[in-house]
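K.L.:
Using only what follows, build the 3D model:
(3 chains)
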Amino acid sequence: MRIALFITCFNDTLFPETGRATVEVLERLGVEVDFPLEQTCCGQMHFNTGYQREAIPLVRRFVEVFKNYEAVVAPSGSCVGMVRELYPMAADLANDKRLAADVEELSPRVFELSEFLVKKLGVTDVGAYYPHRVTYHPTCHSLRMLKVGDAPLKLLEAVRGIDFVELPEARECCGFGGTFAVKNADTSIAMLGDKLRHVLETEAEVCAAGDNSCLMHIGGGLKRQRAGVRTVHLAEILATTEEKIKP
Amino acid sequence: MTIEAPDAFSGGKTPHFEESARESLADSQLRRNLGKATQTIRNKRAVAVEEMPDWEQLREAGRALKSRTLRHLDEYLLQLEESVKQAGGQVHWARDGEEANRIIAGIAKSHDAGEVVKVKSIATDETKLNEYLKREGIEAFETDLAELIIQLAGETSSHILVPAIHKNRSEIRELFMQKLGVEDLSDDPPDLTNAARLYLREKFLKAKVGISGANFAVAETGTVCVVESEGNGRMCTTLPPVLVTLMGIEKIIPAWQDYEVFMQLLPRSSTAERMNPYTTFWTGVSEGDGPQEFHLVLLDNGRTEVLDDEIGRQTLNCIRCSACLNVCPVYERTGGHAYNSVYPGPIGAILTPQLVGIGKSGSDSLPYASSLCGACYEVCPVKINIPEVLIHLRGRVVRHKQDEGGLRGKLDPENVAMRAMAKTFSEPRLYEGAQKAARIGQWPLARSGAIHRLPGRLAGWTDARDLKPIPEQTFREWWRSRNGSGTHSGTRSGEGS
Amino acid sequence: MEIQERLGDPFGNPFGGGLVTPAREEILRRVRRATHDVPKDEHPEDVPVERGYRDKDDAPREEIVERFAERVAEYEATVHRADESDLPRAIAEACGRRGVRQLVVPAGLPEEWIPEDVETLRDAASSPLSNEELDRSDGTLTGCSLGIAQTGTIVLDAGEGQGRRALTLLPDYHLCVVREEQIVGLVPEAFAKLEETVKGEGRAITFISGPSATSDIELNRVEGVHGPRTLEVLIVG
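P.N.:
Next up is the predicted model:
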C-alpha cells in the first residue's frame, strides 16, 4: 500500500522526530510512504481562530496536493479533524462547488496515525519495545471529532516492556485549544493544572498522546514545574524497538 | 439594593470574557463550589443517561423535531396562536424585550397588581423584566429558591439550572437572616429551605398575577408546560387568577406526542433525574381550575436573526437543560459570571453573540471562550454541534472586524499576523524560508534548552509553560537528505502521483 | 407601542378577533425571511423525524408494577401496596399515621375510600374550597390518571377523584391511590393515553415524581419546598 504522509506544519517545524518515527513505523509494516513536498499547512489555526477566508487557499492547496493518493496519514488528530470535519464548511464559505466535491471525495481517505494502523491496516502489534511507565492523554479531537476510540490504547497494550497506567479523568481537555491557549491563557493554564495533577498521580515517566500540540502544552507545564515527566508522541513509542535501545 | 451587573442584554458595553474569567479564576471559593457542583451533576447525568438504551434515538428525534419546527416556524407560530385562542388564552407578540416588558406590565396594571410572583424564566432575565416592572411600580418576587437567593443578594445568576451554584450554605444563612428577618436560623439546607417556604407561601396566596416562562408549547394543542422541581412553578401557574407566560418563539414543538421525546431528554440531561418532581401542562384556560385569564407572550428579541444563519440556526434547538455547562472544562473553572450574559457556558457562548448581534466587542469574545474540546456536543440532548457553531461565529466575528472595522480592524496586530502567516503557508518556498528564519530568530529567547518567556501577546503562553526551541532540522530537510534529493521543493515526490 | 396607543387598554382581549398587529406581522415577516433557504414546496412533514426510540414496555405486568413501586420509593415517597378490598383500611391507616384530622376530598372520589374518623373538606365546582382552607388542611386524598413505571411518575389530569390543581398543591400531605391497571411502562405510553384528555376538554395535567425538591443549596437534595412535603402512594391491585 502506498500512502501520502501529511506531516503538518507544526510537526515539520517543531517535532521532526515524530515525522521520522511515523515513517519508520509505516515502512516497518510494509507501507510505502510518499511525502509530497508541496504540502504546507492544513489551515486549522486560521480557520479555528476565525481567519477563514485566509484559510481557504490552504484548504485548496491541501486538496490539490493530496487528492490523488489512496490514503493520507497524519500524526495529528486535530489536523485530520480539520480536514474531515471542517473542510466542508470551508468549501461552503468559498462558495466553490468543485472544491466541496473534492473535499467530500478526499476527506474519508485522510487518517490519523492510530486509526490508520488499527482500523485501516488492522494492526495492533507494530513490533515496538518500550520499557517505561507510560500514561496516555487521548486528546479531544481524536476522541470526540475523529472517534478513534481505543485504537491508541490497543497499540500501546501491544508494546513489549511497557508499563501502561491509565490517566485519571483522561477524557478531559488539557486546555490547549490552539490560540485559546494564548487568548484565554488564564483559563487554559487552570485546565492544564488539573491535567498535570492527574499525570503526576500516575507516577508515569512518560505522558504520551497522538497530537504534539497538546503535548507541547502539557510538556511545557511539566517542564516549568520540573516534574521530571517527559512527553512523547505515540508514533515515537511505536517506532522504538529492542534493537534500537540495545544495539 | 440591586447591583445591575453589566450583561450582554442590558444594552451597555460588557467586559471581554478573558478579563472576567481572570477575576473568577482568582476566587478560590467559587472555583471549589463550582468544581464540586459540576462534577456531581456531571456524574449523575452520566448514570441517568446510561440507563437509557434508546438515548441516541431520542437525541436524534429531538434534533429532527426541532429542525422541523424551525424550518417551518411561521406555520407553527400561527398554529400555536390559534390553538391557544381556541383554548381561551390570549396571544401577544413582542419584537424585542422592551415590547414584551410593556405588554406584561400592562397586564399587571390592568389588574391593579402591585406585586407579581415569578417562576424562573431566563427569557424574563433576558428582557430585564424585573427592573422594568420596578420602574413601573410593580414588585416581582422570584420564587425559585436559587433565584430568591440571587434576588435577595442583588446578584445575577451564574448557571441556567442552579443559579446560586456560586453560593455556599453559610453565605445563604447570612443572607436569609438579614433579608427575611428570620432569627435563629441554622445553615442546614432543610432549615434554609423551610425559611424560604414560609416567606413565599404568603406571597403565592396573595398574588393577583403570576409570571412564568415556558419549557415547551405545542402548536397542535396550545399546551404549554413548565418543568420544575420545587413546586413554585405549580404555585405560580395555578394560584394567581391571572397567568402571563413569556416564551421565546423557538420553544414551540409541533404536536402533543412530541412531549414523549422532550420529556425524556430534558430531565435526565438537566437534573440527572428520570423525571423532575413536577411538570404542569396547561391548555389555555380550564374552567374552575387555575388562572381564569391566560396570556401567552411570544418573544423574538433576536431569535429570527439566529434563525437567519443556516449554521447558527441549530442554536435554537436548545431546551435549556444546562448539560453543556456541567461538562465544559472552561465553565467549570470560570463559572457563569465570566460570560456576562444570562446565558452562560458553551450554549451561552453561541447564543448570546447571535441574539445581540455580531460586532459588540464583549459578546464577540464569547465564541473564543472554548478550547473546542467538544464535550458539550457529546452531551447535548438535541445535538447542537456547539464546536461547529463556535468556529462559524469566530469566522463571522473576524469577517465583521475586517469588513466593518475600518483601518483599525485592518491594522489589528492579530489580523496583520494571521494574514501574513496565511500568505507564508500558501507557498512552500515562503514557508520553508519562514522555518529557517524562525530557527534563527528564536536564539535570543532560548535559554538552556527551553524558552521561558515570549514577547508581547504571546507572553500568556510562557506564564506557566516553557516552550521547546525549534530543532536544527525540519522534517522536510531530513526527508530530502534521506532521499538524496536537492533542496528544491517538490522534486522527488511531486504533486500527487 | 402603536397598538397600545391605538387601542387604549390593550388587554381586553384585543387580539382575539384576528386583528393584525404590527409586531405579529413583523415577526412573521422576519421568520419567513430567515427561512428563505427552505424550499417553498417543503411541508413540515417532509422533514424526516425518525422515532427509533422505545414506545412500549413489553415486560410482564407484575414487573412493570414492581418497577413503578420501586422508582416512586426512590424519590423518597412512601409506597404501600394493598388489595382492592383492603383499600379503605389502608387509607385510614395512612391518615392515622400522619395524624390527619381535616382531609381535602375532590369531587368524584369513591365514598368508601374516605376514612370515618376524619373531617372532610369537600371541594366541588359549585362550592370550591378557598386557598386558605386548603393551606390550613392536614392533607389531601386523590386518585390519579396514570402511573409511569419507567420514571416513577404519578399523572393527575384534574378528572374525577383528582380535583383541580390547587387541591394537590397547597396541603402539606398528599395521599394518592394508583390502581395497578393505571400503570404504564414507558413515558411515550403515558403521553399517548393523555392525548384524548388534552385534545378533548383540554384539562390541565400534572406530572408528580416524588415530593417537591430542591438542590439549590450546595446541590444537597432537600425534600419538600413548595408542594406537599410528604407524598404517599397506595398501589391497589
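K.L.:
all contacts plus neighbour counts: C-alpha atoms, from now on.
P.N.:
Fine.
K.L.:
same question for stretch B:334-353, mean pLDDT?
P.N.:
For stretch B:334-353, the mean pLDDT works out to 95.
K.L.:
That stretch and chain A, any residue contact?
P.N.:
Yes: judged by C-alpha under 8 Å from any C-alpha of the partner chain, stretch B:334-353 and chain A are in contact via residue B:334.
K.L.:
Give me the most central residue, chain C.
P.N.:
By C-alpha atoms, centre = their mean, chain C has its centre lying nearest to residue C:206, at 1.4 Å.
K.L.:
Spell out the secondary structure type for that residue.
P.N.:
At residue C:206 the chain is in strand, as set by DSSP: H, G, I helix; E, B strand; the rest coil.
K.L.:
residue contacts, it?
P.N.:
Residue C:206 makes contact with B:278-281, C:155-157, C:165 under the criterion C-alpha atoms under 8 Å, 6 or more residues apart in numbering or on different chains.
K.L.:
what about 7 Å?
P.N.:
Neighbouring residues of residue C:206 by C-alpha atoms under 7 Å, 6 or more residues apart in numbering or on different chains: B:279-281, C:155-157.
K.L.:
Which residue comes closest to it once chain neighbours are left out?
P.N.:
Closest residue in space to residue C:206, ignoring its immediate chain neighbours: residue B:280 at 4.7 Å, by C-alpha to C-alpha, 6 or more residues apart in numbering or on different chains.
K.L.:
The worst-scoring helix or strand of chain C on mean pLDDT: what's the following helix or strand?
P.N.:
Between all helices and strands in chain C, the lowest mean by mean pLDDT, DSSP states H and E belongs to helix C:2-7, at a mean of 39. Helices and strands here follow DSSP states H and E; after helix C:2-7, the next one along the chain is helix C:22-34.
K.L.:
packing partners for that following helix?
P.N.:
Helix C:22-34 is packed against helix B:73-86, strand B:90-94, helix B:303-307, with contacts defined by 3 or more C-alpha pairs under 7 Å, 6 or more residues apart in numbering or on different chains; DSSP states H and E.
K.L.:
now the first one: mean pLDDT?
P.N.:
Mean pLDDT, taken over the full extent of helix B:73-86, equals 98.
K.L.:
Which positions in it come out as buried?
P.N.:
Of the residues in helix B:73-86, B:73-77, B:79-86 count as buried by neighbour count, 16 or more other C-alpha atoms under 10 Å in any protein chain shown.
K.L.:
Looking at those, spot the one nearest chain A.
P.N.:
For the buried residues of helix B:73-86, the minimum distance to chain A (C-alpha to the nearest C-alpha) is 25.0 Å, reached by residue B:73.
K.L.:
how far away is the closest one from chain C?
P.N.:
Look at residue B:73 and chain C: by C-alpha to the nearest C-alpha, to the nearest Å, they are 7 Å apart.
K.L.:
With adjacent residues omitted, what lies nearest to that residue?
P.N.:
Excluding the flanking residues, the one nearest residue B:73 by C-alpha to C-alpha, 6+ apart is residue C:31, at 6.8 Å.
K.L.:
tell me the contacts of the one you found?
P.N.:
Contacts of residue C:31 (C-alpha under 7 Å, 6+ apart): B:73-74, B:304.
K.L.:
Taking the centroid of chain A, which residue is nearest it?
P.N.:
Central residue check for chain A by C-alpha atoms, centre = their mean: the C-alpha nearest the mean position is that of residue A:76, 2.0 Å away.
K.L.:
Show me chain C divided up by domain.
P.N.:
Structurally, chain C divides into domains by automatic domain parsing as follows: C:2-38+C:42-46, C:61-236.
K.L.:
So, low pLDDT: which residues of chain A?
P.N.:
By pLDDT under 70, the low-scoring segments of chain A are A:247.
K.L.:
So in terms of bridging, what pairs with residue B:224?
P.N.:
With DSSP bridges as the criterion, residue B:224 is bridged to residue B:217, residue B:282.
K.L.:
Distance-wise, check the residue nearest to residue B:73 relative to residue B:315.
P.N.:
Residue C:31 sits 15 Å away from residue B:315, going by C-alpha to C-alpha, to the nearest Å.
K.L.:
does chain C sit close to stretch B:231-239?
P.N.:
Yes: shown here: stretch B:231-239 in contact with chain C (C-alpha under 7 Å from any C-alpha of the partner chain) through B:231-232, B:238-239.
K.L.:
Tell me the residues of the stretch 301-450 of chain B that contact chain A?
P.N.:
Applying C-alpha under 7 Å from any C-alpha, we find that the stretch 301-450 of chain B lies next to chain A at B:329-330, B:368, B:370-374, B:391, B:394-395, B:398, B:418-419, B:422, B:425-426, B:428, B:435.
K.L.:
send the alpha carbons of the helix ranked longest in chain A over as PDB?
P.N.:
Ordering each helix of chain A by length in residues (DSSP state H) puts helix A:185-201 first. Presented in PDB, the C-alpha positions along helix A:185-201 are these (Å, rounded to 0.1, in the frame of the first residue of the first chain):
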ATOM      1  CA  ALA A 185      -4.200  31.900  28.800                       C
ATOM      2  CA  ASP A 186      -5.500  32.000  32.400                       C
ATOM      3  CA  THR A 187      -8.300  29.500  31.800                       C
ATOM      4  CA  SER A 188      -6.000  27.400  29.700                       C
ATOM      5  CA  ILE A 189      -3.500  27.300  32.500                       C
ATOM      6  CA  ALA A 190      -6.200  26.400  35.100                       C
ATOM      7  CA  MET A 191      -7.200  23.500  32.900                       C
ATOM      8  CA  LEU A 192      -3.600  22.500  32.400                       C
ATOM      9  CA  GLY A 193      -3.100  22.500  36.200                       C
ATOM     10  CA  ASP A 194      -5.700  19.700  36.700                       C
ATOM     11  CA  LYS A 195      -4.300  17.700  33.700                       C
ATOM     12  CA  LEU A 196      -0.800  17.900  35.200                       C
ATOM     13  CA  ARG A 197      -2.000  16.800  38.600                       C
ATOM     14  CA  HIS A 198      -3.600  13.700  37.000                       C
ATOM     15  CA  VAL A 199      -0.500  13.000  35.000                       C
ATOM     16  CA  LEU A 200       1.600  13.200  38.200                       C
ATOM     17  CA  GLU A 201      -0.800  10.900  40.100                       C
END
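K.L.:
hmm, who's touching stretch C:76-94?
P.N.:
So stretch C:76-94 is contacted by C:69, C:73, C:112-113, C:115, C:210-211, C:230-237 (C-alpha under 7 Å, 6+ apart).
K.L.:
Could I have the ChimeraX command that selects the buried members from those?
P.N.:
Buried residues among those (16+ other C-alpha under 10 Å), as a ChimeraX selection:
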select /C:69,73,113,115,210,211,230,231,232,233,234,235,236
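K.L.:
From the contacts of stretch C:76-94, list the ones also adjacent to chain B.
P.N.:
Applying C-alpha under 7 Å from any C-alpha to the contacts of stretch C:76-94, one finds that C:210-211 fall near chain B.
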